[in-house]
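Student: can't give you the sequence, but here's the structure:
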């Protein structure tokens, strides 16, 4: 899986995408993450990427003659048929596990991160899917892009250290299903004990208990 991120703030991705599971996935060539500075397509000597709103309004909008050429050029860097272009925007479809699983079937995702007051409306015609990670205000699309990359990467075979994710939260399209309570050593801590059933060795009874405790 190839992720191409178009952003004004490439440095924001340095930590989250270069540590832990995602780092190992890149080291093992399971995923590739390319980050593209949107300002490279900026207008004029100052590389302008945004401008004021026609008809009046607060804030600045990213210009179509910057974002659309960026998308077009990044897409041309490699001719990959199964490419989907995502726009991170508050108006987008709420990101859920099923979307992550569907996106993992693609060969490449091009993710465009918004900033400022938003996008010129014409940009929307050049993307395949608009995605939001929730109904709250963020400073830009960088953090949502990281969420998408993390969730999609986990669906790629070999990224997580065991086969499949069927036992994890939200898998099997159970949007509200969470994990059962889990415990590790010590057996008793601060007068709080591990439930006896988990120490019993009766696997069938343990599974029944876990099923009844699933949140």
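Tutor: On my side now, so go ahead. Quantities reported herein were computed from a predicted structural model and do not represent experimental measurements.

Student: what's the helix or strand for residue 16?
Tutor: Here residue 16 sits in a region with no helix or strand, counting by DSSP states H and E.

Student: what about it, how many neighbours?
Tutor: 17 (other CB atoms under 10 Å). In short, each C-beta sits where N, CA and C put it, glycine included.

Student: spatially nearest residue to it (excluding sequence neighbours)?
Tutor: residue 146 (4.9 Å; CB to CB, 6 or more residues apart in numbering).

Student: give me the distance from the helix or strand containing the one you found to the chain's centre.
Tutor: Using DSSP H and E, residue 146 falls within helix 142-153. Here helix 142-153 shows a centroid-to-chain-centroid distance of 2 Å under the convention CA atoms, centre = their mean, to the nearest Å.

Student: quick one: contacts of it?
Tutor: 1, 3, 5, 7, 9, 12-13, 16-17, 21-22, 25, 30-31, 33, 86, 88, 95, 97, 100, 103-104, 109, 111, 113, 131-133, 138, 159 (CB atoms under 8 Å, 6 or more residues apart in numbering).

Student: list buried residues within these.
Tutor: When the contacts of helix 142-153 are checked for burial by 16 or more other CB atoms under 10 Å, the buried set is 1, 3, 5, 7, 9, 12-13, 16-17, 22, 25, 30-31, 33, 86, 88, 95, 97, 100, 103-104, 109, 111, 113, 131-133, 159.

Student: mark which of those residues are part of helices, please.
Tutor: Taking DSSP state H, the ones among these that sit in helices are 22, 25, 97, 100, 103.

Student: relative to residue 64, which of the residues you listed is nearest.
Tutor: Proximity of those to residue 64 was ranked by CB to CB; the top entry is residue 103 with 24.6 Å.

Student: ok, and the closest non-adjacent residue to the closest one?
Tutor: Counting by CB to CB, 6+ apart, residue 103 lies nearest to residue 152, which is 4.9 Å off, once chain neighbours are set aside.

Student: tally of neighbours for the one you found?
Tutor: 25.

Student: I'd like to know how far it sits from residue 7.
Tutor: As judged by CB to CB, to the nearest Å, residue 152 and residue 7 stand 17 Å apart.

Student: what residues of the helix holding residue 146 count as buried?
Tutor: When burial is assessed from 16+ other CB under 10 Å, helix 142-153 yields the following buried residues: 142, 144, 145, 146, 147, 148, 149, 150, 151, 152, 153.
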